[in-house]
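*Asks:* Sequence first, then the predicted structure:
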Amino acid sequence: MLRHMTRRGWIAAVLAWIMPGLMALDAAADPVEISLEVSPEVGSEADVFIATVRYEVPGETGADRYVPPAFSDFLLVDQQAHRTLIEQDEPTGGHRFKTAAVYRYVLKPSRTGKLRIGGARVRAGGDEYESYAAMVDVHAASMSALANAPDPLAHPRDPTAQSGIGAPGFVPPSLERFGNGAPEAFLHVAVDRKTAYVGQQITITWLLYTRHEVLKFEPAVPRLDDVWSEILYDPSTYFRYEEDVVDGVTYRVAVASKRGLFATRPGTLVIGPFMARVASLYSLLGSDIEIASEPVEIDIEALPAGAPRDFDPSYVGMFTVEADVDRRRLQPGDSLTLTVLVRGHGAIRRTTPPVLDLPGFEFRAPRDFDEKLHPSSKVVSGERAYRYWATPQRGGLQTIPAVTLHFFDPRSGTYRQASSQPIEIEVMGDPASAGALEPVRMASRDIRLIRDGATISSRSPRAEVYESPWFWVASALPLLLFLGVVIVGRVRGGSTHDAMMRGLQRKEFRGAELHLRGARPGPFFAELARIVTLRIEERISAAIGSLTRDELALLLGQKGFARPTIERICRELDTYDFGRFAATAARSEDMQAALGRARELVREISATRTADHAGDRT
Amino acid sequence: MTRHWPDNRVGIRVALGVWAMLAVATPRAWADASYASANLAYKAERYDDAITQYEELITAGINHEHLYYNLGNAYFRAGKLGYAIYNYERALSLEPDLADARYNLSVARRAVAEDSGHPAISMHAEPWWMRIVTYLPMALLALGFMLSNIALFGSLIAFRIWSNSRGVRLASSSAAAALVVLAVLLGGRIAYHERVQVGIVLPDDTAIHEGALEQSATRTSLPAGARVHILGSKSGWLRVRLGSDAEGWVPSQTIGRL
């Protein structure tokens, strides 16, 4: 076989042996990286855990196959994936591409104990790679003072639980406070806890109890001083009613408002009555009913001592933090954007940007952030992405240390820490060397010279065009002119219809003029006859084409035409007939004269006050 | 010999005239002298002195685009870009065709962007209707409105008097459509001019608060020279809007009103 191989075949065979080796070398120079991180590593069974898988593979197409970690002891609540293409410069010139992917899993533990999350796997370049597994310590719900708060949906009598909204801390109402008789409607309040830490979420729900369907509901939310408030549920257009029996009376129940409250200082938090003006079918004929809930008092405890040095009191709840950069290779003096993503349950909109003090980098405080709130009727949660402008101060391979965030977990009553992963970057050269740029001095920036006039005097701002009365006068003039034309036209010459007809006649006479110029007597006189006939028919609202002259004269007389006018009409029509059929006898002067007479005749016909136009002004 | 004394009425008139001239000339002379002195201070690179003297002229009621322009330059050289941008904007509000002020304003905005790492800010994204009505100059809108007004009623007059031709009908329809569009744009522009109050952020870094209180939570910060819409005021604070969505409170002294 080898003897019969052509030269091309030999080259192909050699390449077939070499190429995999080259690819393997390439892969070896740039191995696949895959990692699995879980945050937090210690938590309670009520907590949410975030598992993040990151991998980088050479090439633009990504991994051939990805196998997620095994979450056998967890319930997968949510997952997100994100992929980016990274371009790297080759030392010898050219570019190399890598594909980086991040998979994020939101998990709830299904049991307590030390739980294992198996490694994630990727297949790339014919090989399979696996991350290390992760261990998570899940303990039972906290036994602190807050642990004896009622389970949010534990009460079997909560009528709104069926609708999925729920009223955490619901206690069935009683009609005793209303004295004798069952009220038409009332407001009942439910609070999920009577003690809370500063910044811990308190869920308060106001329930509307009504015996009949409400047609009008005007709420007045109580003033919430020293409290940060987030709306968990507000009925947008209509109430979702459930039924409940209170002291033997059947009521319809709906959630009027549900809020997450976060106290901003310790002490006794008093939440005033939620008030509303209500009208129902029963009260429609009477006045509106004013109803109010009972006030609520909640003891707010200060956060315990021992807060970390850089702890921000707005971080109360459960938080995770991630960090990423927009590029990993920089030139001296370049800056990069460090995005810090803070996710969590708590008053996320109250939180402040983490202060970064990472050695080897100069950071500028973020100017803005992207914010997403995750709507839920149970807990306030969301995320914020802060973007920092970061400038490395040294050259070479650098590591942006993990961004840490301290928060207070009210469930465990302890201060905890969330951390991102460190990020490796490479700075070509040394920013501190002579190649670094000096700060630009303001005085050296090029602006134009000052105005150095001999005198200076005050002057008024240039008035806008519309501020001048002449603008409005000039704008009104065309309208006034048009109205003037309309009025004058009506005064002088009949109706709009007649004015239009005059225009039409002038146009029609143009046809006759063309025939006159073209010395075509037959069509010329036919055109004149048509014009006059049409004008008469419009004036008397009757057809005259089939009438004899005598009949025409009779009809015109009945319609109110004067005798001389009738005679002129008949004479001219005879002339037109003669001219049509004896065209050779018509001279140019005769045609010209006939045209003039036709114009006058048409005007005379228009001016005649007939029975049909008795109201026209002449 | 009879001696005739000068007519007292003439004397009084002369005295009044001299007094009037002095009354007008003295402040004018002071203003000119102060202006010249401030310009000299600027050229000698004593920018703080120049700023002080320019500000005194403004406090005295002198309102001139060159004064604001020179003050803007002085603030620029002193490194206070927000104040520089504010005064360039004031100069342009008096004289929109002052090319030097427009150029220096663009330099100042670029300088803010470079120093803060924030993109060059001329205006946060405004509501769409504001962008539409402010796209064309007011004078052009007014001129277009008047021309289309004339065209519409002129064609209607022609339609009435002379001809019912298709061309006249087309002309009047087109003029009517143009008039409606220009009337809406002009009306919107007038509403913007009358109701929208614009301010410029003066300090380098101004935090936006969620309430009119120093201790209220801050959302973000504004770089110097950012343009905001002023919605209201309360107890020394201004409620401002950035673009079409974000609102917050800033101390009144941090905003220069245009």
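*Replies:* In hand now; what should we look at?

*Asks:* Please count neighbours and contacts with C-alpha atoms only from this point.
*Replies:* Noted.

*Asks:* Look at residue 154 and report its pLDDT.
*Replies:* Because you didn't say which chain, this covers chain A. A:A154 is assigned a predicted lDDT (pLDDT) of 44.

*Asks:* um, chain B though
*Replies:* pLDDT, the model's per-residue confidence, is 89 for B:G154.

*Asks:* buried stuff in the host helix or strand of it?
*Replies:* Assignment of secondary structure by DSSP states H and E places B:G154 within helix B:138-161. Buried residues in helix B:138-161, counting neighbours by 16 or more other C-alpha atoms under 10 Å in any protein chain shown, are found at B:138, B:141-142, B:144-146, B:148-161.

*Asks:* Please apply the same query to stretch A:417-428.
*Replies:* Neighbour-count burial for stretch A:417-428 flags A:417-420, A:423, A:425-428 (criterion: 16+ other C-alpha under 10 Å).

*Asks:* picking up where we left off before, list the neighbours of the helix holding B:G154 that are in contact with it.
*Replies:* Residues outside helix B:138-161 that contact it (C-alpha atoms under 8 Å, 6 or more residues apart in numbering or on different chains): A:464-466, A:474-475, A:478-479, A:482, A:485-486, A:496, A:499-500, A:503, B:165, B:168-169, B:171-173, B:175-176, B:178-179, B:182-183, B:185-186, B:189.

*Asks:* rerun at 6 Å
*Replies:* The contact list for helix B:138-161 (C-alpha atoms under 6 Å, 6 or more residues apart in numbering or on different chains) reads A:475, A:478, A:482, B:172, B:175-176, B:179, B:182, B:186.

*Asks:* Between which two of those residues is the distance greatest?
*Replies:* The span of these, defined through C-alpha to C-alpha, is set by A:F482 and B:L186 at 22.7 Å.

*Asks:* and the residue of the stretch 401-550 of chain A nearest chain B?
*Replies:* A:S458 (4.4 Å; C-alpha to the nearest C-alpha).

*Asks:* since we're on that residue, how many residues are nearby?
*Replies:* The tally of other residues near A:S458 (other C-alpha atoms under 10 Å in any protein chain shown) stands at 16.

*Asks:* any idea how far it is from A:D127?
*Replies:* Distance check for A:S458 against A:D127: by C-alpha to C-alpha, to the nearest Å, it reads 81 Å.

*Asks:* Next: A:S293.
*Replies:* Counting by C-alpha to C-alpha, the gap between A:S293 and A:D127 amounts to 66 Å.

*Asks:* between those two, which one's more packed in?
*Replies:* Just comparing A:S293 and A:D127: by other C-alpha under 10 Å the higher neighbour count belongs to A:S293, 19 against 9.

*Asks:* how about the buried residues of stretch A:417-428 in TSV, adding distance to chain B?
*Replies:* Shown next, in TSV, are the buried residues of stretch A:417-428 (distance: C-alpha to the nearest C-alpha, whole Å):
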residue	distance to chain B
A:Q417	23
A:A418	22
A:S419	23
A:S420	23
A:I423	22
A:I425	20
A:E426	21
A:V427	19
A:M428	21
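
*Asks:* just checking, which of those belong to strands?
*Replies:* Within the buried residues of stretch A:417-428, membership in strands is found for A:417-419, A:423, A:425-427, as judged by DSSP state E.

*Asks:* The top helix by length along chain A - contacts with which helices or strands?
*Replies:* Ordering each helix of chain A by length in residues (DSSP state H) puts helix A:469-493 first. Taking 3 or more C-alpha pairs under 6 Å, 6 or more residues apart in numbering or on different chains; DSSP states H and E as contact, the helices and strands that helix A:469-493 lies on are helix B:138-161.

*Asks:* Summarise which helices and strands the helix or strand following the helix it packs on is packed against.
*Replies:* Scanning forward in sequence from helix B:138-161, with DSSP H and E defining helices and strands, the next element found is helix B:166-195. Using 3+ C-alpha pairs under 6 Å, 6+ apart as the contact definition, the elements that helix B:166-195 packs against are helix B:128-133, helix B:138-161.
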